[in-house]
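*Asks:* Dropping a prediction and its sequence here:
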Amino acid sequence: MHKVLVADPLSEAGLALLREGGAEVVDLTAADRARLLEAIADADALLVRSRTKADAELLRAGRRLKVVGRAGIGVDNVDVKTATELGILVINAPTANLLSATEHTFALLLALARNVPAADASMKEGEWERNRFVGVELQGKTLGIIGLGRIGQRVAARAKALEMEVAAYDPFLDPDQGPRLGVELLALDELLRRADVVTLHTPLTDQTRNLLDATRLALLKPGALLVNCSRGGVVDEAALLAALDSGHLGGAALDVFDEEPPKSLDLVRHPRVVATPHLGAQTAEAQERTSTETAQMVLAALGGSFAVTAVNLPFRATGSRGEPYLHLGERLGSLGSALLRAPLKRVQVDLWGVEEPLQLPVAIAALKGALVPFLGPGLNYVNVERVAQGRGIETVRIAHASAAEYPHLVQVTLEGTDGGAPVEIAGTLFGERQPRVVRFGRQPLEFRPEGKLLILRSFDVPGVVGKVGTLLGEARVNIADVHLARKDGEEDAWTILRLDEEPSREVLDRLAALPEMRRVDLADLGEGGAD
């Protein structure tokens, strides 16, 4: 049973999913920092929202920690760099609050354009000041969207329904996508000059911090409106306050702040500011979706799946179709590692017929499989590249355009530091799901890369299989299946035996002592994967 710490309040629907999935859920939402540091020592997963800081100290205290689940989109409160170094998967729920954040953007924009909060406050004071609260219409105005991702695209679609003109800035978007979305893509400065309203939908990174500083805010039209439902820190708050005080900006609607809650209330109390306390995801529907989506991802990650929305995987989530390829790559690397007999120096992964999005994941899976036998189970997809680089292990990935003997073929070649002959193993998927080794060195040899495998290289002479069977039988080691390979004109033959029990060291030594035997290796690849 996996132990999951819940540090921030989550919807009961997500907690129920965790329990149904067999997890032990420990509610620490009311616990202090000291209690959390103590409890995380034997936890497998940590769930947080935005309140708890999953910093380096907390992550390093989690000796068994495998997953940090952030119930929401942003991971500002998670030390992703340290998590990656420790091999801890960081997942989020990037789609759960898309609708609520989109709708809140327009709630703020309309409230700002029509002076709704101030008019409401005036009414509550018993006043009737119609002329004081003259607003502006949105029809025909140009909306400038900074960040045309999933939320930005939804904002664009709804702005068109309001008959607004829509332009956007997004340096990571393919320019061809603009016409498809019906959005004019502009450089940032040009966007600011043309927009009547600017709305931000970009994460907070080193590149976006203070993206709208005093210089860029000055580019906006006099009287322009600004809406920020993305992240505090993307707008320079001091510069924004100055632009409002000077009258250059018509108003700002803010759901996020550089510091939350903000210690300085100058912006919040400004007469031309509409402010909410980070309510973008605060709908009943979004809270339940966020909770259940995060719980599902955490359970999947704890179960070994990489069809998850992880922010620190070195590749995009592969989905269920990609997992058999990851399994194949890892098994080929692990099998090759069992045969290498020297510290690893170089890993080369050649791919034929493997679609481009899966090529990097398969190569990383092969690297993981090759290194885990040497470095232990603390190595995983999150940190394996970093570990390999730190140890000076060269990794090469080659995608071949030519056809191979199978429609999809993965070949893993391992080289050791001893300068000996490299180990080369190739495999494919049968039925798109079942991993198979199909080539062992230069020889065609088909078998399933799973279970306890006794790998024998012998002289190609009569009687070898019989002697091996006799020795194993005397030791009460049952043979599940046997696979043989040889090439005419070569003196070597390979025999792969899948065993029900692992033979003792004494039995292995007796096998190696047979005069016909050249080498004996044992690989335990565990149970089979996808089928």
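*Replies:* The structure has been received and is ready for your questions.

*Asks:* what about the strands in the stretch 151-300 of the chain?
*Replies:* In the stretch 151-300 of the chain, strands defined by DSSP state E, counting those that start in this stretch lie at 165-169, 184-185, 197-200, 224-228, 249-254, 273-275, listed in chain order.

*Asks:* Compute the number of surrounding residues for the nearest residue to Asp44 once chain neighbours are set aside.
*Replies:* Distances taken as CB to CB, 6 or more residues apart in numbering place His2 nearest to Asp44, at 4.2 Å, with adjacent residues excluded. Heads up, the C-betas are built off the backbone N, CA and C, glycines and all. Using other CB atoms under 10 Å, His2 has 19 other residues around it.

*Asks:* you'd agree His2 is up against Ala45?
*Replies:* Yes. Counting by CB atoms under 8 Å, Ala45 is a contact partner of His2 at 6.5 Å.

*Asks:* shared neighbours, those two?
*Replies:* By the contact definition CB atoms under 8 Å, 6 or more residues apart in numbering, His2 and Ala45 are jointly contacted by Ala23, Leu302.

*Asks:* got a list of what the nearest residue to Ala281 once chain neighbours are set aside touches?
*Replies:* In this structure, Ala281 finds its nearest non-sequential neighbour in Asn97, 3.7 Å apart by CB to CB, 6+ apart. Shown in contact with Asn97 (CB under 8 Å, 6+ apart): Gly72, Ile73, Gly280, Ala281, Thr283, Ala286, Arg289, Thr290.

*Asks:* next one: His104
*Replies:* The contact partners of His104, taken as CB under 8 Å, 6+ apart, are Cys229, Asp255, Thr276, Leu279, Gly280.

*Asks:* Any of these buried? List them.
*Replies:* Cys229, Asp255, Thr276, Gly280 (16 or more other CB atoms under 10 Å).

*Asks:* what helix or strand does the closest residue in space to Gly280 that isn't next to it in sequence sit in?
*Replies:* In this structure, Gly280 finds its nearest non-sequential neighbour in Ala101, 4.2 Å apart by CB to CB, 6+ apart. Here Ala101 sits within helix 98-113, counting by DSSP states H and E.

*Asks:* Show me how the record splits the protein into domains.
*Replies:* Following automatic domain parsing, the chain resolves into domains at 3-96+286-302, 98-275, 319-449, 450-531.

*Asks:* burial count for Met517?
*Replies:* A total of 18 residues lie near Met517 under the criterion other CB under 10 Å.

*Asks:* Show me what it is bridged to.
*Replies:* Judged by DSSP bridges, the bridge partners of Met517 are Ser458.

*Asks:* Could you pull up the residues touching it?
*Replies:* By CB under 8 Å, 6+ apart, the contact list for Met517 reads Leu456, Arg457, Ser458, Val464, Leu511.

*Asks:* in which helix or strand would I find the nearest residue in space to Pro503 that is not next to it in sequence?
*Replies:* With sequence-adjacent residues excluded and distances taken as CB to CB, 6+ apart, Pro503 is closest to Val477, at 5.0 Å. For Val477, there is no enclosing helix or strand under DSSP H and E.

*Asks:* where's Val477 relative to Leu244, distance?
*Replies:* 80 Å (CB to CB, to the nearest Å).

*Asks:* repeat for Asn210
*Replies:* Distance from Asn210 to Leu244, by CB to CB: 16 Å.

*Asks:* of the two, who's got more company?
*Replies:* Leu244 (21 against 16).

*Asks:* Next one: the more buried one relative to Leu36, how far apart?
*Replies:* In terms of CB to CB, Leu244 sits 40 Å off from Leu36.

*Asks:* With distance to Thr105 and pLDDT added, can I get the contacts of Asn97 in CSV?
*Replies:* Below are the contacts of Asn97 laid out as CSV (distance: CB to CB, whole Å; pLDDT from 0 to 100):
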residue, distance to Thr105, pLDDT
Gly72, 16, 84
Ile73, 14, 78
Gly280, 8, 92
Ala281, 12, 86
Thr283, 13, 93
Ala286, 13, 91
Arg289, 18, 92
Thr290, 18, 91
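
*Asks:* Just give me the closest of the buried ones among the contacts of His104 to Ile145.
*Replies:* Using CB to CB, Cys229 comes nearest to Ile145 of the buried ones among the contacts of His104, at 11.4 Å.

*Asks:* The nearest residue to Ala480 once chain neighbours are set aside in helix, strand or coil?
*Replies:* Closest residue in space to Ala480, ignoring its immediate chain neighbours: Arg498 at 4.2 Å, by CB to CB, 6+ apart. Under DSSP: H, G, I helix; E, B strand; the rest coil, Arg498 falls in the strand class.

*Asks:* tell me the contacts of Arg498?
*Replies:* Taking CB under 8 Å, 6+ apart as the test, what Arg498 contacts is Phe447, Arg448, Glu450, Gly451, Lys452, Leu453, Leu454, Ile479, Ala480, Asp481, Val482.

*Asks:* is it true that Leu429 touches His408?
*Replies:* Yes. Under the criterion of CB under 8 Å, Leu429 makes contact with His408 at 5.9 Å.

*Asks:* gap between the residue nearest the centre of the chain and Ala23?
*Replies:* Residue closest to the average C-alpha location in the chain (CA atoms, centre = their mean): Ala310, at 2.0 Å. To Ala23, Ala310 is 18 Å away according to CB to CB.

*Asks:* before we move on, what about Leu514?
*Replies:* Leu514 is 50 Å from Ala23, by CB to CB.

*Asks:* And Asp174, by the same measure?
*Replies:* Counting by CB to CB, the separation of Asp174 from Ala23 is 40 Å.

*Asks:* Compare those two (neighbour count), which wins?
*Replies:* Legend: neighbour count by other CB under 10 Å for Asp174 and Ala23, higher for Ala23 (20 against 9).

*Asks:* and that one, what does it touch?
*Replies:* Here Ala23 is in contact with Met1, His2, Lys3, Val4, Ala45, Val298, Leu299, Leu302 (CB under 8 Å, 6+ apart).

*Asks:* rerun at 10 Å
*Replies:* Contacts for Ala23 (CB atoms under 10 Å, 6 or more residues apart in numbering) come out as Met1, His2, Lys3, Val4, Leu15, Leu17, Asp44, Ala45, Ala295, Val298, Leu299, Leu302.

*Asks:* Please apply the same query to Ala168.
*Replies:* Applying CB under 10 Å, 6+ apart, the residues contacting Ala168 are 143-148, 152-153, 155-156, 177-178, 181, 183-186, 191, 195, 199, 201.
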